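> Structural data only, the sequence is not supplied:
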């Protein structure tokens with residue numbers, strides 16, 4: 001088993017590609033996994049917390065000032081500015097605008113810590129951004145809901161965020177406890193095995209997340225291509241801008257995790273509040289949204305390495 005997990009850790013990027021391919025090529029399996037997505041997310045968080053350990057996470061949580069300020073900018077200022085710009089051009093009522101605003105208003109995805117680890121960034125800092133962003137989401141989303149009434153009742157979106165926060169806290173606490181009990185001082189081999197387990201869990205989740213994409217590709221491939229291009233543009237532009245802006249500031253040590261959080265958002269939080277007629281096209285976008293996120297460690301490692309280098 002250790003050898004298998006080490007292999008997964010060594011070939012983490014290939015595992016992510018395999019997960020994406022399975023989501024597209026095995027529609028029956030993808031549909032079967034959809035009801036289990038909440039359970040898989042909880043398991044992923046537990047494994048990730050087990051890998052990082054409470055010392056790294058708590059050490060990263062001592063300074064809340066930069067974290068809260070970053071969350072306010074990413075989840076409140078960015079979506080409102082984007083909506084203002086799109087409104088100036090008369091695009092405020094288009095599905096694309098709704099997708100852009102939702103994607104930029106959501107907190108980081110639960111798998112953002114795994115992306116950070118694969119890119120050799122600070123997993124503890126990334127977990128801090130994930131927890132802070134999810135905790136602050138009920139507050140940061142209120143102004144966005146005010147200017148986007150088609151999202152539905154604010155209470156439903158906020159309730160969804162609070163449920164996710166509870167899952168994150170319970171799962172990470174369980175992972176930290178298991179780490180202190182089973183691996184108080186893990187060896188290099190054990191850390192690599194935990195990395196492999198985390199990569200496998202992260203790769204497996206995407207199969208269910210892409211359930212809506214396969215039928216959409218068969219019925220309207222051009223629409224899927226357009227949504228995919230929009231998803232890549234949103235995710236990678238936000239990541240690139242975050243790195244460019246932060247690399248020359250006092251936040252340079254956390255520029256990598258903040259860029260991951262900026263471009264990899266949990267847009268699925270909004271699904272419970274969206275009306276059926278709005279939800280239909282966005283389900284395809286959510287499927288496409290997985291592509292740039294899961295391909296970030298494959299397509300953007302040079303961007304991160306260059307932006308965070310010491311030259």
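Alright, I've got the coordinates. In this text the structure is predicted, and so the values were computed from the model without any measurement.
> The residue nearest to the spatial centre of the chain: what's it in contact with?
With distances taken as Cα atoms, centre = their mean, residue 109 lies nearest the centre of the chain, 2.3 Å away. By Cβ atoms under 8 Å, 6 or more residues apart in numbering, the contact set of residue 109 is 264-266, 293. C-betas here are computed from N, CA, C, even on glycine.
> Burial check on residue 223, number of neighbours?
15 (other Cβ atoms under 10 Å).
> tell me which element it falls in.
Assigned by DSSP states H and E, residue 223 belongs to helix 221-246.
> nearest spatial neighbour of residue 256, skipping sequence neighbours?
residue 121 (4.0 Å; Cβ to Cβ, 6 or more residues apart in numbering).
> my guess is the one you found contacts residue 301, does it?
No - with contacts counted by Cβ atoms under 8 Å, residue 121 stays clear of residue 301, the gap being 10.5 Å.
> For burial, what's the neighbour tally of residue 166?
Count around residue 166 with other Cβ under 10 Å applied: 11.
> pLDDT weak spots in this structure?
Residue ranges of the chain with pLDDT under 70: 1-2, 6, 9, 55-64, 149-154, 156-157, 160, 271-281, 311.
> Which residue, other than its chain neighbours, is closest to residue 70?
residue 258 (5.5 Å).
> need the next SSE after the helix or strand that neighbour falls within, C-terminal direction.
Here residue 258 sits within helix 255-263, counting by DSSP H and E. Heading C-terminal from helix 255-263, the first helix or strand you meet, by DSSP H and E, is helix 276-299.
> ok and that following helix relative to helix 221-246, angle-wise?
If you take axes from the mean of the first three to the mean of the last three Cα atoms, to 10 degrees, helix 276-299 sits at 60 degrees to helix 221-246.
> in helix 276-299, what's buried?
For helix 276-299, the buried set under the neighbour-count rule, 16 or more other Cβ atoms under 10 Å, comprises 281-297.
> other SSEs contacting that helix?
helix 12-25, helix 95-105, helix 112-118, helix 188-209, helix 213-219, helix 221-246, helix 255-263 (3 or more Cβ pairs under 8 Å, 6 or more residues apart in numbering; DSSP states H and E).
> one more time with 6 Å
helix 12-25, helix 188-209, helix 221-246 (3 or more Cβ pairs under 6 Å, 6 or more residues apart in numbering; DSSP states H and E).
> Could you report the neighbour count for the closest residue in space to residue 293 that isn't next to it in sequence?
Excluding the flanking residues, the one nearest residue 293 by Cβ to Cβ, 6+ apart is residue 264, at 4.7 Å. Residues within reach of residue 264, counting by other Cβ under 10 Å, total 26.
> same question, residue 301
14.
> Quick check: the gap between it and residue 114.
The gap separating residue 301 from residue 114 is 14 Å, by Cβ to Cβ, to the nearest Å.
> Identify the residues contacting the residue nearest to residue 293.
108-109, 112, 293 (Cβ atoms under 6 Å, 6 or more residues apart in numbering).
> Now distance to residue 166 too, for these, in a markdown table please.
Below are the contacts of residue 264 laid out as a markdown table (distance: Cβ to Cβ, whole Å):
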| residue | distance to residue 166 |
| --- | --- |
| 108 | 17 |
| 109 | 17 |
| 112 | 18 |
| 293 | 23 |
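> What is the most widely separated pair among the residues you listed?
Pairwise distances among the contacts of residue 264 were taken by Cβ to Cβ; the largest, 10.1 Å, belongs to 108 and 293.
> shouldn't residue 123 be in contact with residue 114?
No - the pair residue 123 and residue 114 does not pass the contact test of Cβ atoms under 6 Å, sitting 8.4 Å apart.
> These two: who's more crowded?
residue 114 (29 against 26).
> From residue 167, how far off is that one?
From residue 114 to residue 167 the distance is 16 Å (Cβ to Cβ).
> rewinding a little: would you format the helices and strands packed on helix 276-299 as CSV with distance to residue 158 included?
Below are the helices and strands packed on helix 276-299 laid out as CSV (distance: least, Cβ to Cβ, whole Å):
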stretch, distance to residue 158
helix 12-25, 29
helix 188-209, 23
helix 221-246, 23
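> So which of the ones you listed is the most surrounded?
Highest mean neighbour count among these (mean count of other Cβ atoms under 10 Å): helix 188-209, with a mean of 21.
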